[in-house]
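Participant: Sequence first, then the predicted structure, then my questions.
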Amino acid sequence: MKKGIHPKNYRLVAFKDMSSEEIFLCRSTAETKDQIEIDNVKYPLIKIEISSSSHPFYIGKMRFVDSAGRVDKFLTKYKNYGKI
């Protein structure tokens, strides 16, 4: 492998699935301003909308996930489309 091409800030990061509230730790270089404390240790926090704990393929059932009112925003934007 080439030397000097890998990022220096590779560290443990907490990922939180916002639909199932599950938190898991993984190594990442992703930047974030949020933090969370797990077992008296502070980790950078990345909020995600869907993961294996909430994806229909993995849990075996459909779940409606509307992040930040996107469906409502779409419906209000296109409610008069096609009307005369």
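Facilitator: Great, that's in hand. Numbering: from 1, shown residues only.
Participant: and the end-to-end length of stretch 7-18?
Facilitator: 28 Å (C-alpha to C-alpha, to the nearest Å).
Participant: Which residues does it contact?
Facilitator: By C-beta atoms under 8 Å, 6 or more residues apart in numbering, the residues outside stretch 7-18 that reach it are 22-30, 32, 36, 38, 43-51, 53-54, 67. Bear in mind the C-beta positions are built from the backbone N, C-alpha and C, glycine included.
Participant: What is the burial count for Ala14?
Facilitator: 22 (other C-beta atoms under 10 Å).
Participant: Any idea what it is bridged to?
Facilitator: On the basis of DSSP bridges, Ala14 is bridged to Leu25, Leu45.
Participant: Let's see which of the contacts of stretch 7-18 end up in strands.
Facilitator: Using DSSP state E, the members of the contacts of stretch 7-18 that fall in strands are 23-28, 36, 38, 43-48.
Participant: Next up, the contacts around the residue nearest the centre of the chain.
Facilitator: Nearest to the mean C-alpha position of the chain, by C-alpha atoms, centre = their mean, lies Ile48 at 0.7 Å. Counting by C-beta under 8 Å, 6+ apart, Ile48 touches 15-18.
Participant: Show me which of these are buried.
Facilitator: 15-17 (16 or more other C-beta atoms under 10 Å).
Participant: picking that back up, closest one of the ones in strands among the contacts of stretch 7-18 to Lys73?
Facilitator: Closest approach between those and Lys73, by C-beta to C-beta: Lys47, at 19.4 Å.
Participant: With Ile23 as the reference, measure out to the closest one.
Facilitator: To Ile23, Lys47 is 10 Å away according to C-beta to C-beta, to the nearest Å.
Participant: Do you know the pLDDT at the residue nearest to Asp34 when sequence neighbours are not counted?
Facilitator: Using C-beta to C-beta, 6 or more residues apart in numbering and skipping the chain neighbours, the partner closest in space to Asp34 is Leu45 (4.0 Å). According to the prediction, Leu45 has pLDDT 93.
Participant: Done for today, thanks.
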